[in-house]
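Peer 1: Sequence below, structure please.
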Amino acid sequence: MSKDIRKIIGKNILKFRLEKNWSQEELGFEAKLSNSTIGKYENGKRCPSVPALKRIANALGVKLDDLVD
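Peer 2: From the prediction side, this is the model:
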């Protein structure tokens, strides 16, 4: 995936996580991912797989589209 989409996804994960006042650890726990993985996604260093993205969206209570738009 392009660097731009990684940054968009990361920015959106961060935005929705902060709206819930969650730490990366809390989101990681809810999405069954490590907090370091969440950090890599938010920083645009790594792009989540579709299943991981779906778990993040479910944990945050948002639609999958909300994370990629």
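
Peer 1: Report the separation between the one residue sitting closest to the centre of the chain and residue 69.
Peer 2: Nearest to the mean C-alpha position of the chain, by Cα atoms, centre = their mean, lies residue 13 at 3.7 Å. Separation of residue 13 from residue 69 (Cβ to Cβ, to the nearest Å): 13 Å. C-betas here are computed from N, CA, C, even on glycine.

Peer 1: same question, residue 55
Peer 2: 18 Å.

Peer 1: So between those two, which is more surrounded?
Peer 2: Under the criterion of other Cβ atoms under 10 Å, the comparison of residue 55 against residue 69 puts residue 55 first, with 17 against 9.

Peer 1: Please spell out the segments of this structure that come in under the pLDDT threshold.
Peer 2: 1-3 (pLDDT under 70).

Peer 1: swap the cut-off to 50 and go again
Peer 2: Residue ranges of the chain with pLDDT under 50: none are present.

Peer 1: how about the helices in it?
Peer 2: 3-19, 24-31, 35-42, 50-60, 64-68 (DSSP state H).

Peer 1: same for the third one, what does it pack against?
Peer 2: Packing contacts for helix 35-42, counted by 3 or more Cβ pairs under 8 Å, 6 or more residues apart in numbering; DSSP states H and E, involve helix 3-19, helix 24-31, helix 50-60.

Peer 1: Verify the stated contact: the residue nearest to the centre of the chain with residue 68.
Peer 2: No: counting by Cβ atoms under 8 Å, residue 13 does not reach residue 68; the two are 10.3 Å apart.

Peer 1: Save the helices and strands packed on helix 35-42 as JSON lines, and put in distance to residue 39 too.
Peer 2: Shown next, in JSON lines, are the helices and strands packed on helix 35-42 (distance: least, Cβ to Cβ, whole Å):
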{"stretch": "helix 3-19", "distance to residue 39": "9"}
{"stretch": "helix 24-31", "distance to residue 39": "5"}
{"stretch": "helix 50-60", "distance to residue 39": "13"}
